[in-house]
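[1] after the sequence you'll find the predicted model.
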Amino acid sequence: MPTKTVDPDERTIQVARKRFARRQWARRWLAWRVVLAVLALAGLVAGVVWTVFFSSVLAVSGVQIAGAGVLDPREVRRVAAVPTGSPLATVDLGAVAARVERLTPVLDADVSRSWPDRVRIDLTERTAVAVVIRDGVVQGVDDEGVIFRRYPSRPPSLPLIRMGANTQTDALAEAALVIDALPDGLAGRVAYLSAYTVDTISLRLRNGKVVRWGSAEDTADKAKVLAVLLDQPASLYDVSVPGQPVIRR
């Protein structure tokens, strides 16, 4: 039987067609790979979003409290009202901080997420610079004049502020500023401080002598003047106007 002869041009055409078909398939496969990759990524993102924002996998299971000294951590948790069981990512941290900062002893509250399932509250509590005694109760006052805590008895390291029945909060704040600004050497000699109005603050020293201080204005200058005056014997030192001090023997 005679062998069928294939035209060279036809063979070339067949080879070209096969190559073209392979290239077309490769292009289609590449396109499908891109589509599949996009779908896989979208599925992954959707899964992550669902897990973080909607599922109970990363739900709040507790609240960590740091920096509580005056406050009971249980009280902080109660006031914080963090919604346990809710997704951690959806907790309104600003709202939690605002609630905690309404507690009088709290100067500042920093609230953050502690993954995978905790809310962390870092407290900065007020620091007492003096005490007041009201109705027999010893209470701490910070440098802003805020009464924020109780003591079972007067701490020996804290000076006492005596107030009148009508002493306003601004006078107490002014007195606290004076105490906070006193040099250590002078502060240690103060038995108590009297504050009835913002301009009539006075100090009673441990040796019984009295210092008329006036307001908290120019406290640093007043302290320097008083340090010189204390070398002179007197029963009363008036530094309310530091440029014109007065002593009474």
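    Alright, I've got the coordinates. Owing to the predicted nature of the structure, the values given are computational and were not obtained by experimental measurement.
[2] who's in contact with the residue nearest to residue 79 when sequence neighbours are not counted?
    The shortest distance from residue 79 to any non-neighbouring residue, by CB to CB, 6 or more residues apart in numbering, is to residue 99 (5.5 Å). Every residue, glycine included, has its C-beta placed from N, CA and C. Contacts for residue 99 were tallied using CB atoms under 8 Å, 6 or more residues apart in numbering; they are 79, 80, 81.
[3] check which helix or strand the closest residue in space to residue 206 that isn't next to it in sequence maps to.
    Nearest-residue entry for residue 206: residue 191, 4.7 Å, with adjacent residues in sequence omitted and distances by CB to CB, 6+ apart. Using DSSP states H and E, residue 191 falls within strand 190-195.
[4] now do that strand, average pLDDT.
    Taken as a whole, strand 190-195 carries a mean pLDDT of 88.
[5] per the record, what domains does the chain have?
    With domains defined by automatic domain parsing, the chain comprises 10-51, 62-125, 130-248.
[6] and the helices in this structure?
    8-53, 73-80, 93-100, 169-181, 184-187, 219-229 (DSSP state H).
[7] look up how far residue 83 lies from residue 163.
    42 Å (CB to CB, to the nearest Å).
[8] if you skip the residues just before and after it, what's nearest to residue 219?
    residue 181 (4.3 Å).
[9] okay, the angle between the strand holding residue 191 and helix 169-181?
    150 degrees (axes from the mean of the first three to the mean of the last three CA atoms, to 10 degrees).
[10] now for strand 190-195, which elements pack on it?
    strand 160-163, helix 169-181, strand 201-205 (3 or more CB pairs under 8 Å, 6 or more residues apart in numbering; DSSP states H and E).
[11] what angle sits between that strand and strand 201-205?
    Using the same axes, to 10 degrees: strand 190-195 against strand 201-205 is 160 degrees.
[12] each with direction, which strands does strand 190-195 pair with?
    strand 160-163 (parallel), strand 201-205 (antiparallel) (DSSP bridges).
[13] just the ones you listed: most buried one?
    strand 201-205 (a mean of 21; mean count of other CB atoms under 10 Å).
[14] same question for that strand, mean pLDDT?
    91.
[15] list of residues touching it?
    171, 174-175, 178, 189-195, 210-216.
[16] what do you get for stretch 127-136?
    So stretch 127-136 is contacted by 138-143, 147-149, 151, 154-155, 158-163, 172, 175-176, 179-180, 193 (CB under 8 Å, 6+ apart).
[17] now the buried members of those.
    Buried subset of those (neighbour count, 16 or more other CB atoms under 10 Å): 138-143, 147-149, 158-163, 172, 175-176, 179-180, 193.
[18] what does stretch 176-189 contact?
    Under CB under 8 Å, 6+ apart, the answer for stretch 176-189 is 129-130, 141-145, 159, 161, 190, 193, 201, 205-207, 213, 216, 219-220, 223, 226-227.
[19] go on, stretch 145-153?
    By CB under 8 Å, 6+ apart, stretch 145-153 touches 70, 104-105, 126, 128, 131-132, 137-142, 169-170, 172-177.
[20] if we use 10 Å, what do you get?
    For stretch 145-153, the surrounding residues in contact (CB atoms under 10 Å, 6 or more residues apart in numbering) are 69-71, 103-107, 125-134, 137-142, 158, 161, 168-177, 195.
[21] okay, how far is it across that stretch, tip to tip?
    20 Å (CA to CA, to the nearest Å).
[22] any stretches of this structure with poor pLDDT?
    Low-confidence segments of the chain, defined by pLDDT under 70, span residues 1-58.
[23] thinking again about what came up before, to residue 111, which of the helices and strands packed on strand 190-195 lies closest?
    For the helices and strands packed on strand 190-195, the distance to residue 111 is smallest for helix 169-181, at 27.8 Å, taking CB to CB.
[24] what angle sits between the closest one and helix 219-229?
    Between helix 169-181 and helix 219-229, the angle comes out at 60 degrees (the same axes, to 10 degrees).
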